[in-house]
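Colleague: Sequence and computational prediction follow.
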Amino acid sequence: MPILGQNQYGKAENRVVRITRDGATHHIKDLNVSVSLSGDMEEVHLSGSNTNVLPTDTTKNTVYAFAKEHGIESAEQFGIHLARHFVTSQPAIHRARIRIEEYSWERIEHSGKGAHSFVRTGQETRLAQITYDGSAWEVVSGLKDLTVMNSTDSEFWGYVKDKYTTLPEAHDRILATDVSARWRFNWTDDEQPTPTWDTSYAQVKQHMLEAFAETYSLSLQQTLYAMGARIIDHRSEIDEVRFSLPNKHHFLVDLAPFGLKNDNEVYFAADRPYGLIEATVLRDGVEALIPADLTNL
Ligand SMILES: O=c1[nH]c(=O)c2[nH]c(=O)[nH]c2[nH]1
């Protein structure tokens, strides 16, 4: 008989918006929450018995009920509540993985009454993944679509040249990327104090941006390492950072046909193909646990 391999189930992409009313001042949390459970699920696959199956519909309802009952302090805290609930309340469920995307809203400053108007900020999407097996926690936070550009202090030369190489060496180029990053916390058990999730997120993002701005770059690879190293050096709660950085190429336009000189002023922003630079930066002595392919994480 064929063997049932790894399996998991749950409700994906539960969109939950939680408003907290503080008089006329409102606060918004806007999340996309995916629940994935695993455990004693052989029978549902092999014989069709649903005895151990908590319906995915129930997992969806739990997300909404918890938004009311516990509020949403941070994506990480909310994910921890949910994961703990599924694993500790259902004997057949041995592992819960909660993935969250968070969309940020900024208050619209205006001179009228009330503080209940918001504009979606077009910057990055915050990410969190919480996994719990009844004893150990794994929290990986992250972000995607944080678009950054340096208009100088970037070079790329001295690379391998074979018969197919046509790329001219660059001694002053634009360096631009959409940062996708995940970082793993070394908080793993309830005995340790939990990190302050929001402060940690803000600091990690700031270190990333400062390292991008302050690194005189000889390659996107070098900039990536500088960004990760800065996080590992400054944030003791984090042991591992993984980046996926598309190199958003900007090519100088040849204006000579029009009798114009292009002194690093006019570029064509290409959207594809793009270089894709990916790497993990780790604290010395720790094991790498973030998967190499971030597309589904
Ligand atoms: O920063 C870069 N790294 C590369 O590996 C590479 N390859 C390339 O064509 N351009 C660049 N730029």
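Modeller: Structure's in. What do you need? Residues are numbered from 1 along each chain as shown.
Colleague: Correct me if wrong, but residue 15 is in a strand.
Modeller: Yes - counting by DSSP: H, G, I helix; E, B strand; the rest coil, residue 15 falls inside a strand.
Colleague: ok, it - how many residues close by?
Modeller: 11 (other C-beta atoms under 10 Å). Placement of C-beta: from N, CA and C, glycine included.
Colleague: Report the separation between it and the ligand.
Modeller: 37 Å (C-beta to the nearest ligand atom, to the nearest Å).
Colleague: That residue bridge partners, please.
Modeller: residue 32 (DSSP bridges).
Colleague: what's the nearest residue to residue 234 if we skip its chain neighbours?
Modeller: residue 207 (5.5 Å; C-beta to C-beta, 6 or more residues apart in numbering).
Colleague: right, is stretch 158-175 up against the ligand?
Modeller: Yes - against the ligand, stretch 158-175 shows contacts by C-beta under 6 Å from any ligand atom at residue 167.
Colleague: for stretch 219-234, same thing?
Modeller: Yes - judged by C-beta under 6 Å from any ligand atom, stretch 219-234 and the ligand are in contact via 219, 220, 221.
Colleague: Inside helices: which ones of these?
Modeller: Among these, the members falling in helices (DSSP state H) are 220, 221.
Colleague: mind checking the SS state of residue 85?
Modeller: Per three-state DSSP, residue 85 ends up helix.
Colleague: Am I right that the residue nearest to residue 234 is in a strand?
Modeller: No - counting by three-state DSSP, residue 207 is not part of a strand but helix.
Colleague: dump the residue contacts of it.
Modeller: 227, 230, 231, 234, 235 (C-beta atoms under 8 Å, 6 or more residues apart in numbering).
Colleague: Check the closest residue to the second one other than its chain neighbours and give its pLDDT.
Modeller: Which is residue 230. Counting by C-beta to C-beta, 6+ apart, residue 211 is the residue found nearest to residue 230 once chain neighbours are left out, at 4.2 Å. As predicted, residue 211 sits at a pLDDT of 98.
Colleague: can you pull the contacts of residue 211?
Modeller: 223, 226, 227, 229, 230.
Colleague: now with 10 Å?
Modeller: Shown in contact with residue 211 (C-beta atoms under 10 Å, 6 or more residues apart in numbering): 223, 224, 225, 226, 227, 228, 229, 230, 231, 233, 234.
Colleague: thinking again about what came up before, kindly present the contacts of residue 207 as TSV, with separate columns for secondary structure.
Modeller: Formatted as TSV, those follow (three-state DSSP):
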residue	secondary structure
227	helix
230	helix
231	helix
234	helix
235	coil
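Colleague: Could you report the neighbour count for residue 18?
Modeller: Residue 18 has 17 neighbouring residues, counting by other C-beta under 10 Å.
Colleague: Would you check that it makes contact with residue 68?
Modeller: Yes - using C-beta atoms under 10 Å, residue 18 is in contact with residue 68, at 7.9 Å.
Colleague: And the helices in this protein?
Modeller: Using DSSP H, helices in the chain cover 42-46, 56-69, 75-89, 197-214, 220-234.
Colleague: Go through those and pick out the most buried.
Modeller: helix 75-89 (a mean of 21; mean count of other C-beta atoms under 10 Å).
Colleague: Report the rounded mean pLDDT for that helix.
Modeller: 98.
Colleague: try stretch 93-103
Modeller: Here the average pLDDT along stretch 93-103 is 98.
Colleague: how about the CA coordinates for that stretch, as PDB?
Modeller: Provided in PDB are the C-alpha atoms of stretch 93-103 (Å, rounded to 0.1, in the frame of the first residue of the first chain):
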ATOM      1  CA  ILE A  93      -3.400  18.100  16.400                       C
ATOM      2  CA  HIS A  94       0.400  18.000  17.200                       C
ATOM      3  CA  ARG A  95       1.600  21.000  15.200                       C
ATOM      4  CA  ALA A  96       0.200  24.300  14.200                       C
ATOM      5  CA  ARG A  97       1.800  26.800  11.700                       C
ATOM      6  CA  ILE A  98       0.300  30.200  11.500                       C
ATOM      7  CA  ARG A  99       1.300  32.500   8.700                       C
ATOM      8  CA  ILE A 100       0.400  36.200   8.800                       C
ATOM      9  CA  GLU A 101       0.700  39.100   6.300                       C
ATOM     10  CA  GLU A 102       0.100  42.500   7.800                       C
ATOM     11  CA  TYR A 103      -0.900  45.500   5.800                       C
END
